[in-house]
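Chemist: starting from these lines, generate the structure:
(6 chains)
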Protein chains: 4
Amino acid sequence: MGRKEKVEKGRSSGRPRSERSKAAILLAVRELLLKDGYANLTIEAVAQRAGVSKATIYRWWKTKGELVLEAAEQEIAIGTVPDTGDSRVDIDAAIGQLIDTFTRPLASIVIFAAITTGSSDPNMAHLFRDRFVYPWRVSACEALERARARGDVLADDPQFLLDVIVGTVFQRTLVMKGPMIDGLKGNLLGVIFGPKRST
Amino acid sequence: MGRKEKVEKGRSSGRPRSERSKAAILLAVRELLLKDGYANLTIEAVAQRAGVSKATIYRWWKTKGELVLEAAEQEIAIGTVPDTGDSRVDIDAAIGQLIDTFTRPLASIVIFAAITTGSSDPNMAHLFRDRFVYPWRVSACEALERARARGDVLADDPQFLLDVIVGTVFQRTLVMKGPMIDGLKGNLLGVIFGPKRST
Amino acid sequence: MGRKEKVEKGRSSGRPRSERSKAAILLAVRELLLKDGYANLTIEAVAQRAGVSKATIYRWWKTKGELVLEAAEQEIAIGTVPDTGDSRVDIDAAIGQLIDTFTRPLASIVIFAAITTGSSDPNMAHLFRDRFVYPWRVSACEALERARARGDVLADDPQFLLDVIVGTVFQRTLVMKGPMIDGLKGNLLGVIFGPKRST
Amino acid sequence: MGRKEKVEKGRSSGRPRSERSKAAILLAVRELLLKDGYANLTIEAVAQRAGVSKATIYRWWKTKGELVLEAAEQEIAIGTVPDTGDSRVDIDAAIGQLIDTFTRPLASIVIFAAITTGSSDPNMAHLFRDRFVYPWRVSACEALERARARGDVLADDPQFLLDVIVGTVFQRTLVMKGPMIDGLKGNLLGVIFGPKRST
DNA sequence: ACTTAAGCGAGACGGTACGTCTCGTCTTAAC
DNA sequence: GTTAAGACGAGACGTACCGTCTCGCTTAAGT
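Modeler: Here you go, the predicted structure:
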């Protein structure tokens, strides 16, 4: 009696992937990242905390990098730079997005890891670049290009300006970890557009 | 006359440290760093390649970080920023030193490691900061302060400008690894001093 | 109805222990014991010869002593003393078991180790006593008690006679290693029962 | 003519061996043996406790065994069996010497080690046999031979009886460590000479 | 008194094995 | 046919002693 209706998905028969496990794994990753940082995160610990076997993790994620990126996906999301017609407003928004993202606790850990494991884990670096960096970078580059076309910026090379922005924010927020991020956006705008003039 | 001049060092007698071993170890570290990178460097491999026992390494260096920093000491050395009286010349030199150091193969590996293991190996980070970063940073800061006093720079905060310089160079040379470092110094100078004026 | 009968063991599912590894380890132990003796037996060598990781050995055996005792279990097995009704036959059998076991190549090595590591590895000594010594000793003691009750033996204390038997056999076979074991049993019987009388 | 005969040894002049060091080393060995046992005795610890360098130890003693035997020399000394004309008195003395020596704290440790390291440190075993075992054994053997000649003993083979005595005492005092050594001598005499008869 | 040569402490050295750890894969039975 | 459990081979970790080797100082016998 009461035969269960059975599989509704197109996937072949078999037991379907457990959404419970997936959620538990990604949650465990987030918790452990915040607790111990990326370098001290072990698959073993994730499995244990999620009540899951290591094999299950390895089946769905090839590397620690992939796993971490997926776990922090929403925290890292940065969006794209708007096109308001006002260069300063656009770039202001871009820098704001950057600072905002870089200072979220979880995101900062993951972004730092993604940037700095470039040599040892190229896979993670690529994934990070393709999914998070390039989209924003492209739109930021366009914004800078528009600004250049209007003659608003002091330097001609948008890629260079992008590196100035990203590099400076990275340095301030993730390397030096100074708390003085207050003036950062203003200072950066000043360096890019020249000193603010009253309109 | 017969005055015996005694040992001045605090260390007692004992067999003196083998310079051969020390040199072999540091050389092995350098070779392995260039071959496999910092993350894949193991003490075991260093010992084997240097023809040395692990205990000898652990006797003289407490952590992998210390060992690596000493092995790359000369490659990392960056000196201090000159004081020529011309702000642009001073900062030009500072940026040159930075780019020069960051693009040496061995130095780039070690510096990258020193910066990025900050969270997992605080010891190495501190050592790196104290021995290599701060001295240069202090003199660079003075140079920027002198420039500010002369009204040469567009921003008032030397610490901010320092982060712009270091962050941008770091981003370009170690993160993006683009080969387009040609205009980097000029662009940075432009961003700091404003567009170059013909005199 | 339809009661599912669950697993009765406390251990949960998981991958079962590899019998291949277990057999290879115990074999390697036996070979190395015969080749190098107990003192020169290293876990490292066992692992290598068995094609097994050290962790696998440590997972199942806490000490070298446990491992060796299990590897030689069958060689050491000595059984119990029979009860034929004839004291002399019983004790003859007991001494025969002892000599037989003490002169097997592998058993002699392991027994010697078990006895002599008593101070440095109490664990092994206890294990050895509980699993091999006491059962035999109890039955031998009963045999001697029966003999005493019949007035067949010259001394009243079975424990003392047991030590005479074991001590003498140990001394002859393992300490002096003399080949003159021929008369040993007869001599011991003579000492215990008095000179043989022709019936 | 006036040549001073002096040095009889082949060794040339030089600084003579330090008696202070020698005494300190042997004392340290004794203390550490009592504290940690033979197996846990390390040359390193002896050197440290004696305030002596390891090289000094290795210069005068080739193996741990030699060192330990010399350190315990006086404790181990057992003398020889007397010849009183009364077999029972002689053997009684012999057994008494044995039990007495085997139950001294330091001697028991060293003798146990000497007997049981036979396989792994043949050097120590030989030394022990030559210096301590054989002399006593020879005189005990003679005593048993005299007893046999007088028809006092139940077994003909003195070597066998020796193994009975030594084996039983070893078993009782060092292996079983039972405190019931009281009747040991009497029991042994009973087994060798037959039940005591009132004369 | 001076020379000389071995003894000495200190302790660094190349080795070997220890017992622990984490990795990523593999193997079952359960569902 | 995915899951949890967990055993597995691999191999680095940092530690402990081994027995040998430099050092530079000390110490007495022989000049």
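Chemist: contacts, neighbours, all on C-alpha from now
Modeler: Fine.
Chemist: need the three-state assignment for residue A:113.
Modeler: Here residue A:113 is helix, with the state taken from DSSP: H, G, I helix; E, B strand; the rest coil.
Chemist: what's the neighbour count on the closest residue to it other than its chain neighbours?
Modeler: Distances taken as Cα to Cα, 6 or more residues apart in numbering or on different chains put residue A:38 closest to residue A:113, at 6.6 Å, once the chain neighbours are dropped. For residue A:38, the neighbour count with other Cα atoms under 10 Å in any protein chain shown is 23.
Chemist: count of residues packed around the residue lying closest to residue A:52 once chain neighbours are set aside?
Modeler: Excluding the flanking residues, the one nearest residue A:52 by Cα to Cα, 6+ apart is residue A:21, at 6.7 Å. If you count neighbours by other Cα under 10 Å, residue A:21 ends up with 17.
Chemist: check residue A:43 too.
Modeler: Neighbour tally, residue A:43, other Cα under 10 Å: 19.
Chemist: and the residue of chain A found nearest DNA strand E, what does it touch?
Modeler: Residue nearest to DNA strand E within chain A: residue A:42 (3.2 Å; Cα to the nearest atom of the strand). Contact analysis of residue A:42 by Cα atoms under 8 Å, 6 or more residues apart in numbering or on different chains lists nothing.
Chemist: how about the secondary structure of the residue nearest to residue A:52?
Modeler: With three-state DSSP as the criterion, residue A:21 reads helix.
Chemist: show the pLDDT at it.
Modeler: Looking at residue A:21, its pLDDT is 80.
Chemist: same question for the one 3 residues further on.
Modeler: Reading off the confidence values, residue A:24 has pLDDT 89.
Chemist: so who does the residue nearest to it when sequence neighbours are not counted touch?
Modeler: Distances taken as Cα to Cα, 6+ apart put residue A:50 closest to residue A:24, at 5.1 Å, once the chain neighbours are dropped. Residues near residue A:50 by Cα under 8 Å, 6+ apart: A:21, A:24-25, A:27-28.
Chemist: and the residue of chain A closest to DNA strand E, how far from residue A:96?
Modeler: Residue A:42 is 33 Å from residue A:96, where distance means Cα to Cα, to the nearest Å.
Chemist: now do the contacts for whichever residue of chain A sits closest to chain C.
Modeler: Closest approach between chain A and chain C, counting by Cα to the nearest Cα: residue A:53, at 10.0 Å. By Cα under 8 Å, 6+ apart, the contact set of residue A:53 is residue A:47.
Chemist: what pLDDT is listed against it?
Modeler: 87.
Chemist: next one: residue A:41
Modeler: 89.
Chemist: for it, what are its contacts?
Modeler: Contacts of residue A:41 by Cα under 8 Å, 6+ apart are A:29, A:32-33.
Chemist: residue A:194 touches residue B:154, doesn't it?
Modeler: Yes - between residue A:194 and residue B:154 there is a contact at 6.9 Å, judged by Cα atoms under 8 Å.
Chemist: could you measure from the most centrally placed residue in chain A over to residue A:60?
Modeler: Nearest to the geometric centre of chain A sits residue A:76, at 3.3 Å (Cα atoms, centre = their mean). Using Cα to Cα, residue A:76 is found at 21 Å from residue A:60.
Chemist: domain-wise, how is chain A divided?
Modeler: Per automatic domain parsing, the domain ranges recorded for chain A read A:19-60, A:74-193.
Chemist: could you name the helices and strands sitting against the helix or strand containing residue A:92?
Modeler: Using DSSP states H and E, residue A:92 sits within helix A:87-102. Applying 3 or more Cα pairs under 8 Å, 6 or more residues apart in numbering or on different chains; DSSP states H and E, we find helix A:87-102 packed against helix A:105-116, helix A:134-149, helix A:158-170, helix A:184-193.
Chemist: between those, which one is closest to residue D:66.
Modeler: Taking Cα to Cα, helix A:105-116 is the member of the helices and strands packed on helix A:87-102 nearest to residue D:66, at 59.1 Å.
Chemist: pLDDT on that closest one, on average?
Modeler: Helix A:105-116 comes out at a mean pLDDT of 88.
Chemist: sketch out the low-pLDDT regions of chain A for me.
Modeler: Low-confidence segments of chain A, defined by pLDDT under 70: A:1-18, A:118-120, A:178-181, A:196-199.
Chemist: ok, the residue of chain A found nearest chain B - contacts?
Modeler: Proximity of chain A to chain B (Cα to the nearest Cα) peaks at residue A:167, 4.1 Å away. For residue A:167, the contact set (Cα under 8 Å, 6+ apart) comprises B:164, B:166-171.
Chemist: got CSV for these, with distance to DNA strand F too?
Modeler: As requested, those are exported to CSV (distance: Cα to the nearest atom of the strand, whole Å):
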residue, distance to DNA strand F
B:164, 35
B:166, 31
B:167, 31
B:168, 33
B:169, 31
B:170, 27
B:171, 29
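Chemist: let's have those residues in CSV, adding distance to residue C:86.
Modeler: CSV is the format used below for those (distance: Cα to Cα, whole Å):
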residue, distance to residue C:86
B:164, 102
B:166, 98
B:167, 97
B:168, 99
B:169, 98
B:170, 95
B:171, 95
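Chemist: looking at these, spot the one nearest chain D.
Modeler: Using Cα to the nearest Cα, the contacts of residue A:167 come closest to chain D at residue B:170, 50.7 Å.
Chemist: quick check: closest non-adjacent residue to the closest one.
Modeler: Residue B:170's closest residue in space is residue A:167 (Cα to Cα, 6+ apart), at 6.8 Å.
Chemist: so the one you found versus residue A:176, what's the distance?
Modeler: From residue A:167 to residue A:176 the distance is 12 Å (Cα to Cα).
Chemist: and what of residue A:164?
Modeler: From residue A:164 to residue A:176 the distance is 16 Å (Cα to Cα).
Chemist: before we move on, what about residue A:126?
Modeler: In terms of Cα to Cα, residue A:126 sits 25 Å off from residue A:176.
Chemist: more neighbours, these two?
Modeler: residue A:126 (15 against 11).
Chemist: host element of that one?
Modeler: Secondary structure from DSSP H and E places residue A:126 in helix A:122-128.
Chemist: tell me which residues are up against that helix.
Modeler: Contacts of helix A:122-128 (Cα under 8 Å, 6+ apart): A:63, A:65-66, A:69, A:114-115, A:117-118.
Chemist: can you put those in a markdown table and add neighbour count and distance to residue D:136?
Modeler: Formatted as a markdown table, the contacts of helix A:122-128 follow (neighbours: other Cα atoms under 10 Å in any protein chain shown; distance: Cα to Cα, whole Å):
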| residue | neighbour count | distance to residue D:136 |
| --- | --- | --- |
| A:63 | 14 | 73 |
| A:65 | 22 | 75 |
| A:66 | 17 | 78 |
| A:69 | 24 | 80 |
| A:114 | 24 | 79 |
| A:115 | 21 | 80 |
| A:117 | 22 | 74 |
| A:118 | 17 | 77 |
